[in-house]
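S.K.: Predicted model and sequence follow; I will ask about them next.
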Amino acid sequence: MADSLTPLEIPAERVAGYLEQHPDFLADYPDLALRLQLPREQGGAASLAVWQLQALRERNQVLQQQLAELTRIAGDNEQLMTRVQRLTLAVFEADDLDVALGRLVARLGEDFQVEQLRLMLFAEFPQLGPHDWLRCGLDSAAAPGGMSELLAAGQPWSGRMAAERLGEIFGDEGGRLRSVALLPLGRVGVLALGSEDPDRFQPGMGTLFLGMIAEAVTVALDRVWVSD
């Protein structure tokens, strides 16, 4: 019968299961706790108390590392939020649309280190002067770079893109780019950001701040479009 087994015959799994269900067992048998020895990676043995202390120290170290990482991420997000706010204010405080978009391009270059930018609009904006980063009067049904799905989804997209599509968007400069972020601007157009760093705009990256930038540009353009 199973119940007649001597202590030496009890399977280790049953002992482990019992101790797991009764974590205070050794408190009732302190002498046993003092005699228990646990192996260490470097050889030798450690008492249960020493092993538990070491385990707690290692767990505390992991928690400290996780806290430091969370603190770093929070700091990075705070800096990004400050930059987005500064960009938004620069756009909305401008006296006219051409100045507003010029400030947008400057901020994206200075604060976000965007190497290449193209603003592609689906209407003519006579208020805007000629700029190498601007293309107006595009046909939304034949948007460059195969953006139909992007426009339908209405959400920022980031990742790598085929050289042919990069050329359609950025022209000759597209040959140097390795990652792209595309920001749909509602019915107005698309803002394309390009980088020579293949990891700058990664698939699946958070698009919260990209969406906030797109919204600021959309509002500025929509305001002029509607008034016209």
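M.R.: Nice, thanks for sending it over. Numbering: from 1, shown residues only.
S.K.: Residue 203 and residue 9, how far apart?
M.R.: 57 Å (C-beta to C-beta, to the nearest Å). (C-beta placed from N, C-alpha, C; glycine too.)
S.K.: residues near the closest residue to residue 182 other than its chain neighbours, how many?
M.R.: Excluding its sequence neighbours, the residue lying closest to residue 182 (C-beta to C-beta, 6 or more residues apart in numbering) is residue 157, at 4.7 Å. Counted by other C-beta atoms under 10 Å, the residues lying close to residue 157 total 19.
S.K.: what does residue 159 give?
M.R.: 14.
S.K.: mind checking the SS state of the residue nearest to it when sequence neighbours are not counted?
M.R.: Nearest non-adjacent residue to residue 159, counting by C-beta to C-beta, 6+ apart: residue 203, 3.9 Å away. Secondary structure for residue 203, judged by DSSP: H, G, I helix; E, B strand; the rest coil, is coil.
S.K.: Same question for residue 119.
M.R.: Once three-state DSSP is applied, residue 119 turns out strand.
S.K.: my guess is it meets residue 191, correct?
M.R.: Yes. Counting by C-beta atoms under 8 Å, a contact exists between residue 119 and residue 191, whose distance comes to 5.5 Å.
S.K.: Neighbour count for these two, which is higher?
M.R.: Between residue 119 and residue 191, residue 191 has the larger neighbour count (other C-beta under 10 Å), namely 26 against 22.
S.K.: Next up, phi/psi of the more buried one, please.
M.R.: phi -110, psi 120 (degrees, to the nearest 10).
S.K.: and what of the one 3 residues further on?
M.R.: Backbone geometry at residue 194, expressed as degrees, to the nearest 10, gives phi -120, psi 150.
S.K.: How about residue 179?
M.R.: phi -150, psi 150.
S.K.: mind listing what the closest residue to it other than its chain neighbours touches?
M.R.: Leaving out its chain neighbours, the residue that sits closest to residue 179 by C-beta to C-beta, 6+ apart is residue 201, at 4.1 Å. Contacts for residue 201 (C-beta atoms under 8 Å, 6 or more residues apart in numbering) come out as 158, 159, 179, 180, 181, 193, 195.
S.K.: Serialize the residues you listed to a markdown table and add fields for distance to residue 66.
M.R.: Below are those laid out as a markdown table (distance: C-beta to C-beta, whole Å):
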| residue | distance to residue 66 |
| --- | --- |
| 158 | 26 |
| 159 | 28 |
| 179 | 28 |
| 180 | 32 |
| 181 | 29 |
| 193 | 32 |
| 195 | 29 |
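S.K.: List only buried entries from these.
M.R.: 158, 179, 180, 181, 193, 195 (16 or more other C-beta atoms under 10 Å).
S.K.: out of those residues, which one sits closest to residue 135?
M.R.: Of all the buried ones among the contacts of residue 201, residue 193 has the smallest distance to residue 135: 14.6 Å, by C-beta to C-beta.
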